[in-house]
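1. Sequence plus predicted model, see below.
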Amino acid sequence: MSRILLVEDNEMNRDMLSRRLQRKGYEVTMAVDGRQGVDMARSGGYDLILMDMSLPEIDGWEATRQLRAAPETKTVPIIGLTAHAMAGDREKALEAGCNDYDTKPVELPRLLGKIEALLGGPQ
Amino acid sequence: MSSTLSGNTLTAEAQAQLRHDLRTPLNHIIGYTEMLLEDATAPEQRDRLEQALGGARAALELINAALGSARRIVPGDVAQLYEALQAPRETIVEAVSRLLAPEPNGDGAVNADLRKILSAADQLAPEPTRTPADVKSSQTPAPSAPPVAAQPSQARILIVDDGAENREVLRRRLEREGHAVETAENGRRALELVAARPYDLVLLDVLMPELDGYAVLDALKGSPATRDIPVIMISALDELEGIVRCIERGAEDYLHKPFDPVLLRARINASLEKKRLRDLEIEYLREVNRVIEAAAAVEGGHYRPGTLAEVTRRDDELGHLARVFDNMAQQIKAREERLRDRVRDLRQEIEMARRDSKETESALDGGNLRSGENFAQRYEIIAVMGRGGMGTVYRAKDLELEEEVAVKTLRPEFVADKTLLARFKDEIRLARRLSDANIVRTHDFGEWAGVCFLTMECVEGITVRELIDTRGRLGVSATLAIATQLAHSLAVAHQHGVIHRDIKPQNLLVDEAGVLKVMDFGVARLAERSTANTEAGLVIGTPAYMPPEQLMAEQVDARSDLYAAGVVLYECLTGQLPFQAGSVISLVAKLLKEDARPPQEVNPEIPPALSALVLRLLAKRPEDRVQTAVDLGSQLAALG
């Protein structure tokens, strides 16, 4: 079972997305801000990180940069998520170190496709 | 400045924020609806959910079309978008509301998710309070638009939530109710804001990173400055345990997300009303305290009139009390000032008397004891202070306490009778209890080498006898200063059951500050008995100051002291005694048949009211006099 770390400050988003991913067979752990996300990710054990980009404390962009700089999380796949959906956000996310990028509202099949692509197959 | 478009258009940041604000609830709606759809089996249920999903997708298209990143967006576009969003929003609300089943029959978990969808849909509603300025228009706000005046019922509310969406939903809701709302994105920031300014209510999210809601609640309730601010906890978790935990820690109430708007408003209003009543109560207690403090200040002599001005403006009982109190305090203050003026006059009299009679002190010859002599193995004699009918008074150093005292030796004939001596000791025991600025303190009674003696407080001063002898009559204000303090000392003594019996100018000392000190309380008892016992009239002291009942050895009481005070005041004002006679017998005869000449006739400067008061003290029958020393004090105060 693949383990996903969901870094998301919005309670309802956390609740909804974690439940939907669990239904698809993923084990989901949650962090509520960027700092907690980085700490948890670096303690290890995650196969993929879903990172909201607008977070309190440390935002998603900075958290991603830190994860990429740390040896233990350098290679963990990260998918950036944002509701802003600004032109250029995708490039910015990839530049910060995200492997992929998606917007909210989440289209689950599309997001699952990206997750599966990074993990090398469906659960 | 590529991100900021010129003119009345939204900045790129404002557009991004708006997109975020609208896409987030849609994310919730679509996510939960799809999840419910995965579980739904009943066709009718699936239809409703599909309807809701359709509404959400339609809304998303509208948003994407209106807020495409290449477009220039003006505030009008935003208003239009919100208007357009209402049709799909209603579709969603309509569909989801029909699926909500009453709790006992319905599925609790499904209902919870349905409510989350309704809560998210609410965020698509148009905002009457949303203005171009609110969405960060690059245009400066029109200067003609005045700020909306705060309504009296408006409360200052702080929302603490780490979720930006939740903060926004609540903020909009509460602002629509007319409240002034501020937000904090974490617990630390919330505590900073609360420390900086007062809030009427705090809405506090339970689950937050770092400092969670429980920690913030504990911090707020742990500080006297913030513990009275009501806190309503908010959480997505609808657990009894969490609710109990919050209430136990002092939270006012508990709400769970998504909010039912009616319940939210009711609970907030109830909390605010409770806070308002509590504030009134606290303010009331604070003002009661102010009155109490003012009372203490009056007693301590440092009350400043007007201190209670704020409280006196209240139109309730407390305000009335404060007005009466302030009025009284001001009168007391004025009286004290008059007294100070009089004492100043008195001091002038003293200074002049001193200048006039340098020889007074040197005229005293020594008593039996010599300077430097040790007396009673405790006192080192310094000098003779004065001589009276009963003995000699020495200034001495108390070697035990390293303090100057007055030692009064009593002539043997006064202490020969053991029964009388025992009574005298009783009287001294009572007098020792008197402790007042206007009374010379009696320390001890002793007997050494066959000599009985008293020790007393040593007062550097001049007697009223000396004042009158050197100055003649005293001015009205100096007399009033003496009278007021004499009345006070008698009031204190009488209250303790001590009657002086020998009030006369020789027993009234005035120190350099103008403070009158009455001496020999209790001592006269000895002299009086001796007088009665020696029949033939070894008259000790001065019968001129004695009332008829005392001269005729009848019942003596507090009113006898008041008669004597009347004679002293008569003498101060006129420079002469009310009755003069060569012997006790002729004095008694005069006392019984003659009335004293009104002081005002002797000295026209004396105010009629003061003259009448002195005559009232000199009434032949005790029951016709001013009855108590306290009463005398009030009547003197009333003279102005």
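-> Done, it's in.
2. Which residue ranges of the chain form strands?
-> Defaulting to chain A. Assignment of strands within chain A using DSSP state E yields the ranges A:3-7, A:27-31, A:48-52, A:78-82, A:100-103.
3. my bad, chain B
-> Under DSSP E, chain B gives strands at B:156-160, B:180-184, B:201-205, B:231-235, B:253-256, B:374-375, B:379-387, B:391-398, B:403-410, B:442-448, B:451-457, B:461-463, B:508-511, B:516-518.
4. Highest average neighbour count across those: which stretch is it?
-> Highest mean neighbour count of the strands of chain B: strand B:201-205, a mean of 26 (counted as mean count of other Cβ atoms under 10 Å in any protein chain shown). Any C-beta I mention is one placed from the backbone N, CA and C, and that applies to glycine too.
5. contacting residues for the closest residue to residue B:448 other than its chain neighbours?
-> Using Cβ to Cβ, 6 or more residues apart in numbering or on different chains and skipping residues adjacent in sequence, the residue nearest residue B:448 is residue B:376, 3.9 Å away. Listed by Cβ atoms under 8 Å, 6 or more residues apart in numbering or on different chains, the contact set of residue B:376 reads B:446, B:448, B:453.
6. do residue A:27 as well
-> A:1, A:2, A:3, A:4.
7. Neighbours of the one residue in the stretch 401-550 of chain B that gets nearest to chain A, how many?
-> At 68.3 Å from chain A, residue B:437 is the closest residue in the stretch 401-550 of chain B, using Cβ to the nearest Cβ. Residue B:437 has 13 neighbours, counted by other Cβ atoms under 10 Å in any protein chain shown.
8. quick one, phi psi at it?
-> In terms of degrees, to the nearest 10, the main-chain angles of residue B:437 are phi -60, psi -30.
9. coming back round to it: so of the strands of chain A, which one's packed in deepest?
-> strand A:48-52 (a mean of 27).
10. Turn the strands of chain B into TSV, columns for mean pLDDT and distance to residue B:551.
-> Formatted as TSV, the strands of chain B follow (pLDDT from 0 to 100; distance: least, Cβ to Cβ, whole Å):
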stretch	mean pLDDT	distance to residue B:551
strand B:156-160	93	80
strand B:180-184	91	83
strand B:201-205	91	81
strand B:231-235	87	81
strand B:253-256	81	83
strand B:374-375	88	36
strand B:379-387	86	24
strand B:391-398	89	23
strand B:403-410	90	23
strand B:442-448	89	26
strand B:451-457	90	26
strand B:461-463	87	23
strand B:508-511	90	21
strand B:516-518	94	21
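11. pLDDT weak spots in chain A?
-> A:85, A:122-123 (pLDDT under 70).
12. try 90 this time
-> Flagging of chain A using pLDDT under 90 yields the residue ranges A:1, A:9-12, A:33, A:43-45, A:53-59, A:72, A:82-96, A:103-107, A:120-123.
13. Can you tell me the centre-most residue of it?
-> Most central in chain A under Cα atoms, centre = their mean is residue A:50, positioned 1.2 Å from the mean C-alpha point.
14. Isn't that one up against residue A:13?
-> No: counting by Cβ atoms under 8 Å, residue A:50 stays clear of residue A:13, with 10.2 Å between them.
15. What is the burial count for residue B:425?
-> So residue B:425, with other Cβ under 10 Å, has 16 neighbours.
16. Same question for residue B:571.
-> As a burial measure, residue B:571 scores 24 neighbours (other Cβ under 10 Å).
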